[in-house]
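# what's the 3D shape of this:
(one chain, ligands or ions: 1)
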Amino acid sequence: MLSGCPTWPKEFAEQYQNEGCWRGETFGGMLRQRAAAYGERIAIASGERRISYADLDARVDRLVQGFHNLGIQAHDRVVVQLPNIPEFLEACFALFRLGALPVFALPLHRKSEITYISEFSEAVAYIIADVDSGFDYRDLALQVKANVPTLQHVIVAGEPGPFIALSDLYTEPVSQWQEPSSSEVAFLQLSGGTTGLPKLIPRTHDDYIYSLRLSAEICLLDENTVYLAVLPIAHNYPLSSPGVLGTMYAGGRVVLVRGASPDEVFPLISKEQVTITAVVPPIALIWLDAAVSRRPDLSHLQVLQVGGAKFSAEVARRVRSTLGCSLQQVFGMAEGLVNYTRLDDPEDIIVNTQGRPMSPYDEIRIVDEEDREVELGKVGHLLTRGPYTIRGYYKAEEHNVKSFTTDGFYRTGDLASLNSSGYLVVEGRDKDQINRGGDKVAAEELENHILAHPGVHDVAVVAIPDEFLGERTCAFIIPHESSLTVTEIKVFLRERGLAPYKIPDRVEFIDTFPKTRVGKVSKKTLREQISQKLSSLSNS
Ligand code: OOB
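Alright, predicted model coming up:
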């Protein structure tokens, strides 16, 4: 096992095995079996490209040989930053088969995030697209490579520029590989984060395959499923809830698309006869509005999943009548626990709750400030433990003590209530994070970047309510000099190479921070101040 990855205590691991959660499956083995079972059936559709399960399996083997020839070995970390293209899945399955670990970066991550995760994971390679959405990843790679001595290879899907072309690595397989054990960590995923530096989440073959198998069952996937991947598949939700991997587990077809606009997506749903797709609330809003005027043909679409951020009951109620499909709410986290409303749940549950845990072995506790369980139905801090929830972040001993209880429950940072049927309602959050329509911004991380500006004396980042995204970010700044401008701050952050969604939506200059009774900055008061200011602005 890769060092630095906390794992489940022996008695829990045995229980999860004995109960049949962990069945010893690996990703490499899963693809091999699907190729044997579904051979010529299409696994991936992307534009005009069609890749069958048999082709995918063979292409992955060729790529394993190519990665091996480059010197990539079991346990090596490889940062993968690719958009929704078939090469994403080919590269990941090849790394899985080799026992090397993809470290999933989001397409919007920039120099700051990529340099940090490459350094921290001591990655040996970085896999990118050439250009996507107008951004040239080769330029980014040049900067990252110059700063990260462990990075030996940059591999490009597309025009390689000064780097290695992924397409040149597909090589006739000559070597034999030992499949990794199913209890090994398969990959590292980024946490939404609450701390100054992003945390990495180690997921094993056993635990992750359990989560996607169960997801596929709950979402009633089978070989006739057509799953449209709209959200970036590096994210846990479209990757495995049930996502592209759950669909492949069930032998269905994955359709990859890079944008979420109704212009692109509605015709595709009709053409590819998509049966299920997953979005975040702002995308659901756009689709609902567009569908009213355009009346698209969505006749094959059975399920729209909405998750990643709170979906308002008011909008949730419109899904069936406007899109003609069922809504499924998904409340999950990259650390593990995923909750779904079930497809046969009554409308009231589907609209008003964020679902219930997918596994009977998920343990849920709703507690007060002293970790004492609150009464059923009351709001409290959500803690969880189970067969696919991690027991600790990668190489983060100190932080793990805060994020996990001594008996292994993960402190989700969410405030929730539990009803008598086991359904959860997310009521808020006690973690210092802004959920910008599903994109997570750790306040402390952004604060640290802003503090690096020489004109900034102090800063506090808070969420402001937003009708479309749910929340946006507001940075309250105490400047050294009154001449500091909002533009200067935004340009500074962009130049530092921060992901665009982390650039604050609003900057407020302030003389002093309101304080709590114990002398800490009162973010609650700052949130109230900005809400009042915004509502008086909109009324004037
Ligand atoms: C998903 O994963 P992450 O890791 O980006 O973010 C997790 C956090 C949760 O702790 C919660 O604060 C928030 O995102 N969240 C929701 C939510 N789904 C996620 N808050 C309210 N309502 C929801 N439905 O976001 C994620 C991972 C797997 C499946 C789905 C979402």
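# Which of the helices or strands spans the residue nearest to R318 when sequence neighbours are not counted?
The spatially closest residue to R318, leaving aside those adjacent along the chain, is L288, at 5.4 Å (CB to CB, 6 or more residues apart in numbering). Heads up, the C-betas are built off the backbone N, CA and C, glycines and all. Assigned by DSSP states H and E, L288 belongs to helix 281-294.
# Check whether that helix comes near the ligand.
No - on the criterion CB under 6 Å from any ligand atom, helix 281-294 is out of touch with the ligand, staying 8.2 Å away.
# Only alpha carbons, please: show that helix as PDB.
C-alpha atoms of helix 281-294 as PDB (Å, rounded to 0.1, in the frame of the first residue of the first chain):
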ATOM      1  CA  PRO A 281     -28.300  23.200  -9.600                       C
ATOM      2  CA  PRO A 282     -27.300  26.200 -11.800                       C
ATOM      3  CA  ILE A 283     -27.200  24.000 -14.900                       C
ATOM      4  CA  ALA A 284     -30.600  22.500 -14.000                       C
ATOM      5  CA  LEU A 285     -32.000  26.000 -13.800                       C
ATOM      6  CA  ILE A 286     -30.600  26.900 -17.200                       C
ATOM      7  CA  TRP A 287     -32.000  23.700 -18.800                       C
ATOM      8  CA  LEU A 288     -35.400  24.200 -17.100                       C
ATOM      9  CA  ASP A 289     -35.700  27.700 -18.500                       C
ATOM     10  CA  ALA A 290     -34.500  26.800 -21.900                       C
ATOM     11  CA  ALA A 291     -36.800  23.800 -22.200                       C
ATOM     12  CA  VAL A 292     -39.900  26.000 -21.600                       C
ATOM     13  CA  SER A 293     -39.200  28.000 -24.800                       C
ATOM     14  CA  ARG A 294     -37.500  25.300 -27.000                       C
END
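# Only the buried residues of stretch 322-336, if you could.
By 16 or more other CB atoms under 10 Å, the buried positions in stretch 322-336 come out as 322-323, 325-336.
# Please apply the same query to stretch 374-384.
V379, G380, H381, L382, L383, T384.
# Verify the stated contact: the first one with D414.
No - using CB atoms under 8 Å, V379 is not in contact with D414; the gap is 10.3 Å.
# Let me see the ranges of the strands in the stretch 401-540 of the chain.
For the stretch 401-540 of the chain, the strands defined by DSSP state E, counting those that start in this stretch occupy 410-418, 424-429, 433-436, 439-442, 456-466, 470-479, 506-509.
# counting contacts, what elements does the longest one pack onto?
Applying 3 or more CB pairs under 8 Å, 6 or more residues apart in numbering; DSSP states H and E, one finds that strand 456-466 contacts strand 433-436, helix 443-451, strand 470-479, helix 523-539.
# before we move on, what about the fourth one?
The helices and strands touching strand 439-442, judged by 3+ CB pairs under 8 Å, 6+ apart, are strand 433-436.
# How about the last one?
Where contact means 3+ CB pairs under 8 Å, 6+ apart, strand 506-509 is packed against strand 470-479, helix 486-495, helix 523-539.
# shared neighbours, V379 and D414?
Shared contacts of V379 and D414 (CB atoms under 8 Å, 6 or more residues apart in numbering): G428.
# hmm, back to that, closest one of the buried residues of stretch 374-384 to the ligand?
Distance to the ligand across the buried residues of stretch 374-384 (CB to the nearest ligand atom) is lowest for L382, with 8.1 Å.
# Any figure for the gap between the closest one and T412?
5 Å (CB to CB, to the nearest Å).
# returning to that earlier point: pick the one among the buried residues of stretch 322-336 closest to A460.
M333 (24.9 Å; CB to CB).
# pLDDT value on the residue nearest to that closest one when sequence neighbours are not counted, please?
The shortest distance from M333 to any non-neighbouring residue, by CB to CB, 6+ apart, is to T412 (6.2 Å). Per-residue confidence (pLDDT) for T412: 98.
# Surely T412 touches G332?
No - counting by CB under 8 Å, G332 is not a contact partner of T412; they are 10.2 Å apart.
# circling back to that earlier point, is there a neighbour count for the residue nearest to R318? I'd like the number.
L288: 17 surrounding residues under other CB atoms under 10 Å.
# ok, and whichever residue of the stretch 101-250 of the chain sits closest to the ligand, which helix or strand is that part of?
The nearest approach of the stretch 101-250 of the chain to the ligand comes at Y237, 3.6 Å away (CB to the nearest ligand atom). Element membership of Y237 [criterion: DSSP H and E] is helix 236-240.
# is the helix or strand just after that helix up against the ligand anywhere?
Downstream of helix 236-240, the first helix or strand assigned by DSSP H and E is helix 243-249. No - Helix 243-249 does not reach the ligand (CB under 6 Å from any ligand atom); its nearest approach is 8.4 Å.
# Report the mean confidence score over helix 243-249.
The average pLDDT within helix 243-249 is 98.
# what does the helix or strand where E398 lies contact?
Assigned by DSSP H and E, E398 belongs to helix 397-403. Helix 397-403 has contacts (CB under 8 Å, 6+ apart) with P6, T195, K199, G392, Y393, Y410, R411.
# Which members of the residues you listed are the farthest-apart pair?
P6 and T195 (16.6 Å).
# out of the two, which sits in the more crowded spot?
Under the neighbour definition other CB under 10 Å, P6 and T195 were set side by side, and T195 has more, 20 against 17.
# my read: the more buried one touches K440, true?
No - using CB under 8 Å, T195 is not in contact with K440, being 11.9 Å away.
# Counting by contacts, list what the host helix or strand of Y210 packs against.
Taking DSSP H and E as the criterion, Y210 maps to helix 205-218. Contacts defined by 3+ CB pairs under 8 Å, 6+ apart place helix 205-218 against helix 27-38, strand 185-190, helix 236-240, helix 243-249, strand 336-340.
# Let me know the average pLDDT across the first one.
Pointing back at helix 27-38 there. 98.
# So what are the sheet partners of whichever helix or strand comes after it and their directions?
Going down the chain from helix 27-38, the next helix or strand is strand 42-46, by DSSP H and E. Using DSSP bridges, strand 42-46 pairs in its sheet with strand 49-52 (antiparallel), strand 253-256 (parallel).
# Comparing these, which comes out most buried?
Highest mean neighbour count among the strands paired with strand 42-46 (mean count of other CB atoms under 10 Å): strand 253-256, with a mean of 24.
# Distance from the chain centre to it, please.
Here the centre of strand 253-256 is set off from its chain's centre by 18 Å, with CA atoms, centre = their mean, to the nearest Å.
# Mind checking if stretch 318-333 is in reach of the ligand?
Yes - contact between stretch 318-333 and the ligand, assessed by CB under 6 Å from any ligand atom, occurs at Q329, V330, F331, G332, M333.
# surely the last one meets N236?
Yep, that's M333 we're talking about. Yes - using CB under 8 Å, M333 is in contact with N236, at 7.5 Å.
# is S326 in a bridge, and if so with what?
For S326, the beta-bridge partners are V303 (DSSP bridges).
# From the ligand, how far out is it?
Counting by CB to the nearest ligand atom, to the nearest Å, the separation of S326 from the ligand is 16 Å.
# so that residue touches A316, yeah?
No - assessed by CB under 8 Å, S326 is found out of contact with A316, at 11.3 Å.
# which secondary structure element contains the residue of the stretch 251-400 of the chain found nearest the ligand?
Nearest residue of the stretch 251-400 of the chain to the ligand (CB to the nearest ligand atom) works out as G332 at 2.6 Å. For G332, the host element (DSSP H and E) is strand 326-333.
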